[in-house]
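In: predicted structure and sequence below. I'll ask about it afterward.
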Amino acid sequence: MAPRADGLTLALPKGRILKQALPLLRRVGIDLTAAWEGEHDRRLLFELPAARGLAGGVRVLLVKPVDVPTYVEHGVADVGVAGADTLGEEARDLYEPLDLGIGACRLAIAEPAARPTPLRRGMSLRVATKYPRLTLNHYRSKGVQPEIIPLFGSVELGPITGLSDQIVDLVESGETLRQNNLREVETILYVTSRLIVHPASLKLKQAPITALIAALRDALATEGSASAARNDSPARPTGSEGTA
Ligand SMILES: Nc1ncnc2c1ncn2[C@@H]1O[C@H](COP(=O)(O)OP(=O)(O)OP(=O)(O)O)[C@@H](O)[C@H]1O
Ligand SMILES: O=P(O)(O)OC[C@H]1O[C@H](OP(=O)(O)OP(=O)(O)O)[C@H](O)[C@@H]1O
């Protein structure tokens, strides 16, 4: 299917990020909730009417979170939403104009509370993770060259079963670590979801993309001041991005 020449195509991550992105998108006139009927709805492509400043309508693709950058990098989607963890794991040629502040969590090292493994230069260590590249870079910066054991989920089982000594995984509330008797050792990266843009789309569809970025920025600013007025801002400061 050819990308839309007139409107915009958005690649959105299915799952928890989508739930947080929906209200924000609705506030800028992209109302997926009017078409999408929730998690039982198996459709993956939606054609929405034109939003404010976006002549030609909006096509929404619902994809696996880790695949969003691929759709945008190949120009199939003009714009996408992806976590800083996903973006940091694989270097891509993408424009990243906005921190959406949603999907806040951190990428951290954890280990069994009862079996700590202090890091020593040159030691041998097995680390289970969904993030081999970010993990290797972090340990190497400390003079440790771990054996990476790639997993795709339930990473916390690694040290419990003896598959690994430590894990590198996302932590939000810390509940999964707690319930599995693991303790957080160190934060590698603070994570939020970002708006990403295909570089060519930015040139060819400058007006609608600039309008979308401005509308999202306004919506985030209004939300930020409303939340500050209610004194319910998130525990982690926004903009706490990059390597910890
Ligand atoms: N516990 C969490 N709290 C907040 N954000 C998270 C959490 N876990 C993951 N994220 C963010 O959400 C993104 C997607 O997470 P994940 O790959 O686990 O998919 P999911 O939302 O469970 O959906 P699916 O299972 O369909 O892939 C991550 O890349 C990260 O940016
Ligand atoms: O600190 P918490 O609030 O407990 O959240 C952290 C958990 O959330 C994510 O898992 P997810 O639910 O995506 O399941 P997964 O293990 O299949 O990736 C992450 O991989 C942790 O396991």
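Out: On my side now, so go ahead. This is a predicted model, so every value here is computed, not measured. Ligands and ions are numbered 1, 2, ... in the order given.

In: count the neighbours of Asp41 for me.
Out: Taking other C-beta atoms under 10 Å as the criterion, the count of residues near Asp41 is 11. C-betas here are computed from N, CA, C, even on glycine.

In: what comes up buried for the helix ranked longest in the chain?
Out: Longest helix in the chain, counting residues (DSSP state H): helix 206-229. Neighbour-count burial for helix 206-229 flags 208-209, 211-213, 215-216, 219-220 (criterion: 16 or more other C-beta atoms under 10 Å).

In: which one of the residues you listed is nearest Ser141?
Out: Leu220 (32.3 Å; C-beta to C-beta).

In: helix, strand, or coil at the nearest residue to that closest one once chain neighbours are set aside?
Out: Excluding the flanking residues, the one nearest Leu220 by C-beta to C-beta, 6 or more residues apart in numbering is Gly101, at 6.3 Å. Assigned with DSSP: H, G, I helix; E, B strand; the rest coil, Gly101 falls in the coil class.

In: please apply the same query to Ala51.
Out: coil.

In: which residues sit in contact with it?
Out: Counting by C-beta atoms under 8 Å, 6 or more residues apart in numbering, Ala51 makes contact with 28-30, 58, 212, 215.

In: same check on Leu151?
Out: 128-130, 158.

In: how about those residues in JSON lines, adding pLDDT and neighbour count?
Out: Shown next, in JSON lines, are those (pLDDT from 0 to 100; neighbours: other C-beta atoms under 10 Å):
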{"residue": "Ala128", "pLDDT": "98", "neighbour count": "25"}
{"residue": "Thr129", "pLDDT": "98", "neighbour count": "25"}
{"residue": "Lys130", "pLDDT": "98", "neighbour count": "20"}
{"residue": "Gly158", "pLDDT": "98", "neighbour count": "25"}
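
In: the residue in the chain sticking out farthest from the centre: what's its closest spatial neighbour, skipping adjacent residues?
Out: Relative to the centre of the chain, the most outlying C-alpha is that of Gly122, 32.4 Å out, by C-alpha atoms, centre = their mean. Excluding its sequence neighbours, the residue lying closest to Gly122 (C-beta to C-beta, 6+ apart) is Gly143, at 6.8 Å.

In: doesn't Arg121 make contact with the one you found?
Out: Yes: Gly143 is within contact range of Arg121, at 3.7 Å (criterion: C-beta atoms under 8 Å).
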